[in-house]
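Q: Sequence and predicted model, in that order:
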Amino acid sequence: MENKEKQISTVSEENIYQLNGRVPLGKAIPFGLQHVLAMFVSNLAPVLIVCSAALVRGTGNHLTAVELTRLLQCAMFVAGIGTCLQLYPIWKIGSRLPIVMGVSFTFLGSLLMICTNPDLGYEGMVGAVILGGIFEGIVGLSAKYWKRFLTPVVSACVVIAIGLSLLPVGMNSWGGGSGTETFGSWHHLLVGAFTLIVCLVSRYLLKGVYKNLNILVGLILGYILSAVFTAAGIAPMIDFSGITKTIGEVGFFSLPRLVFFTGHMPVFDIGAFFTIAIVFLVSAAETTGATTAVCTGALGRDIRMEELQGSLAVDGFSSTISGCFGCLPLTSFSQNVGLVTMTGVINRFTILMGALILILASLFPPLGAFFNSLPQAVLGGCTVMMFGSIMYEGMKMLKECVFDDRTMIIVSLAFCVGVGLTQTDGNFFAAFPQAVGDIFNGNAVAGVFVVSLLLSLFLPKEKKSDQ
């Protein structure tokens, strides 16, 4: 197998398929931009959901519109910083793998529970994120002591579950965005289908490295079609008012601000920390699965211990940095894992360009607002196949496991319980504390991880003589 990790000193566009080496800026920037566009809206959506509902501690008031705008700015900034750390580590913090970091949906339920509590509020949530990030960072650096419990079948189940959990995200985007009044309208379905077809056609028509820009081509042409629909009065798919509003509230240039200088000093509450600590462990399982998928799918080998330690350390400590900017925890973005495994573009310098674009967008808020105007249907058309590719990588990992009764029981029960919990009509854990339901009812990855891990630990291994 070709060595994709050798050190290369020359600048070449073919290096785009190599982990190391420089790629001409004319090639690196569009491929990096493709990564940014694939995750941009999903990176900002959790911030809007949580911080719009958050209460200011002791007052009962919500954050102002300007504060929300600045938090969106910080979300882009910390995602760029976290990605840079993954690509080019500091000490043991970083994996040197093509992983993009972003604000996580995994924490949504627990964060809403903390930030809507008048006694804790937004300040209590920020304090919990800072402490929880340190906790996960320490867990990551000590991975060599517990990695043996994450057997191949557990890792494969987690990767498949990540892909499964993202499928409704892609389809909801295709339909126009979950909860929107026009969800499922013909123009959303048409634009999403057009974008998907463009991605597929571009994949086969473009030559050389350009064929892997198919996602970017789909995003651009889908955006143009949406703009035509909007300008012609056929359907209002793009709202440019957010750009002018951002200019009026924040200006053309603005530096991200630490939370300590915003009048919202973090509050460190032990109960809030324990509420979020278990979710950081679930996030660690997701990052383990995503990092494993990058190694097996893009590099064709197993994950190394230093890569797992570094990846989880960034997951944790970058979340602490995010908390210091008043923002939500970060994690490895599964959307971009799918993009890496599907295109084979693994060059760290190229993805660094994407990280720098994120940081640049955070310094120029109108630029971020422009990216944020990308229609949901266009994103859906681009992402459905990427999410499916994550499931495919998980299935390839599962194929390497021994297929016996023990594996059958682990896989069957993990998915029946873990995914089944997300399909129930009510709150399955109504008799338990709310935090339990917040973690498992809406998160298939959490249930699949816990069940597969416990079964892998306690089910007796089959003897070879019994086969």
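A: Great, that's in hand.
Q: contacts and neighbour counts: CA atoms only from here.
A: Fine.
Q: now the helices for the stretch 251-400 of the chain?
A: With helices called from DSSP state H, counting those that start in this stretch, the stretch 251-400 of the chain shows them at 270-294, 305-324, 334-343, 348-363, 365-372, 376-399.
Q: Send over the fifth one as CSV, restricted to the C-alpha atoms.
A: This file holds the C-alpha atoms of helix 365-372, laid out as CSV (Å, rounded to 0.1, in the frame of the first residue of the first chain):
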residue,chain,number,x,y,z
PRO,A,365,-18.2,39.1,11.0
PRO,A,366,-19.9,40.0,7.7
LEU,A,367,-17.9,37.2,6.0
GLY,A,368,-19.2,34.7,8.5
ALA,A,369,-22.7,36.0,8.0
PHE,A,370,-22.3,35.4,4.2
PHE,A,371,-21.2,31.8,4.8
ASN,A,372,-24.2,31.4,7.2
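Q: if we can go back for a sec, can I get the helices of the stretch 251-400 of the chain in CSV including distance to Arg22?
A: Formatted as CSV, the helices of the stretch 251-400 of the chain follow (distance: least, C-alpha to C-alpha, whole Å):
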stretch, distance to Arg22
helix 270-294, 20
helix 305-324, 21
helix 334-343, 17
helix 348-363, 6
helix 365-372, 27
helix 376-399, 26
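Q: Leu200 is nearest to which of the ones you listed?
A: Closest of these to Leu200 is helix 376-399, at 9.4 Å (criterion: C-alpha to C-alpha).
Q: Does that closest one pack against any helices or strands, and if so which?
A: Applying 3 or more C-alpha pairs under 8 Å, 6 or more residues apart in numbering; DSSP states H and E, we find helix 376-399 packed against helix 25-53, helix 152-174, helix 186-205, helix 214-231, helix 270-294, helix 334-343.
Q: List the contacts of the nearest residue in space to Thr182 that is not next to it in sequence.
A: Distances taken as C-alpha to C-alpha, 6 or more residues apart in numbering place Gly176 nearest to Thr182, at 6.9 Å, with adjacent residues excluded. Neighbouring residues of Gly176 by C-alpha atoms under 8 Å, 6 or more residues apart in numbering: 182-185, 188-189, 375-377.
Q: My reading is that Gly176 lies in a strand. Confirm?
A: No - Gly176: not assigned to a strand; according to DSSP: H, G, I helix; E, B strand; the rest coil it is coil.
Q: How much space separates it from Ser226?
A: 12 Å (C-alpha to C-alpha, to the nearest Å).
Q: any common contacting residues for those two?
A: Common contacts of Gly176 and Ser226 (C-alpha under 8 Å, 6+ apart): Pro375.
Q: follow-up on the earlier one: now render the helices and strands packed on helix 376-399 as a markdown table, adding distance to Cys401.
A: Formatted as a markdown table, these follow (distance: least, C-alpha to C-alpha, whole Å):
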| stretch | distance to Cys401 |
| --- | --- |
| helix 25-53 | 31 |
| helix 152-174 | 6 |
| helix 186-205 | 32 |
| helix 214-231 | 32 |
| helix 270-294 | 15 |
| helix 334-343 | 20 |
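Q: so which of these comes closest to Tyr17?
A: helix 334-343 (9.0 Å).
Q: then that closest one to CSV, C-alphas only?
A: Output of helix 334-343 as CSV, limited to C-alpha atoms (Å, rounded to 0.1, in the frame of the first residue of the first chain):
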residue,chain,number,x,y,z
SER,A,334,-18.1,13.9,11.7
GLN,A,335,-19.2,15.8,8.5
ASN,A,336,-15.5,16.4,7.7
VAL,A,337,-14.5,12.9,8.6
GLY,A,338,-16.9,11.8,5.9
LEU,A,339,-15.5,14.3,3.5
VAL,A,340,-11.9,13.1,4.1
THR,A,341,-12.7,9.4,3.7
MET,A,342,-14.8,10.0,0.6
THR,A,343,-12.4,12.3,-1.3
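Q: angle of that helix against helix 376-399?
A: When axes from the mean of the first three to the mean of the last three C-alpha atoms, to 10 degrees is applied, the directions of helix 334-343 and helix 376-399 differ by 70 degrees.
Q: shift numbering so it begins at 742
A: Let's use 742 as the start, then, which means that last one is helix 1075-1084.
Q: elements contacting helix 1075-1084?
A: Packed against helix 1075-1084 by the contact rule (3+ C-alpha pairs under 8 Å, 6+ apart) you find helix 766-794, helix 1011-1035, helix 1117-1140.
Q: and with 10 Å instead?
A: Helix 1075-1084 is packed against helix 766-794, strand 842-844, helix 893-915, helix 955-972, helix 1011-1035, helix 1117-1140, with contacts defined by 3 or more C-alpha pairs under 10 Å, 6 or more residues apart in numbering; DSSP states H and E.
Q: Name the stretch among the ones you listed that sits most buried.
A: Most buried of the helices and strands packed on helix 1075-1084, by mean neighbour count (mean count of other C-alpha atoms under 10 Å): strand 842-844, with a mean of 29.
Q: Show me the domain layout of the chain.
A: Domain ranges of the chain: 759-905+977-1116, 1143-1208, per automatic domain parsing.
Q: re earlier: any chance of the helices of the stretch 992-1141 of the chain in CSV, plus distance to Glu755 and mean pLDDT?
A: Below are those laid out as CSV (distance: least, C-alpha to C-alpha, whole Å; pLDDT from 0 to 100):
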stretch, distance to Glu755, mean pLDDT
helix 1011-1035, 19, 83
helix 1046-1065, 25, 94
helix 1075-1084, 13, 77
helix 1089-1104, 12, 90
helix 1106-1113, 28, 74
helix 1117-1140, 23, 79
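Q: between the ones you listed, which one is nearest to Val819?
A: helix 1046-1065 (5.7 Å).
Q: hey, C-alpha coordinates of the closest one in PDB?
A: The C-alpha trace of helix 1046-1065 is given here as PDB (Å, rounded to 0.1, in the frame of the first residue of the first chain):
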ATOM      1  CA  MET A1046      -1.900   5.500  20.800                       C
ATOM      2  CA  GLU A1047      -0.300   8.900  20.500                       C
ATOM      3  CA  GLU A1048      -2.900   9.900  17.900                       C
ATOM      4  CA  LEU A1049      -5.800   8.800  20.100                       C
ATOM      5  CA  GLN A1050      -4.300  10.700  23.100                       C
ATOM      6  CA  GLY A1051      -3.700  13.800  21.100                       C
ATOM      7  CA  SER A1052      -7.100  13.800  19.400                       C
ATOM      8  CA  LEU A1053      -8.900  13.500  22.700                       C
ATOM      9  CA  ALA A1054      -6.700  16.000  24.400                       C
ATOM     10  CA  VAL A1055      -7.600  18.600  21.700                       C
ATOM     11  CA  ASP A1056     -11.200  17.600  22.200                       C
ATOM     12  CA  GLY A1057     -11.000  18.500  25.800                       C
ATOM     13  CA  PHE A1058      -8.600  21.400  26.100                       C
ATOM     14  CA  SER A1059     -10.000  23.200  23.000                       C
ATOM     15  CA  SER A1060     -13.400  22.900  24.700                       C
ATOM     16  CA  THR A1061     -11.900  24.700  27.700                       C
ATOM     17  CA  ILE A1062     -10.500  27.400  25.300                       C
ATOM     18  CA  SER A1063     -14.000  27.600  23.800                       C
ATOM     19  CA  GLY A1064     -15.500  28.100  27.300                       C
ATOM     20  CA  CYS A1065     -13.100  30.900  28.000                       C
END
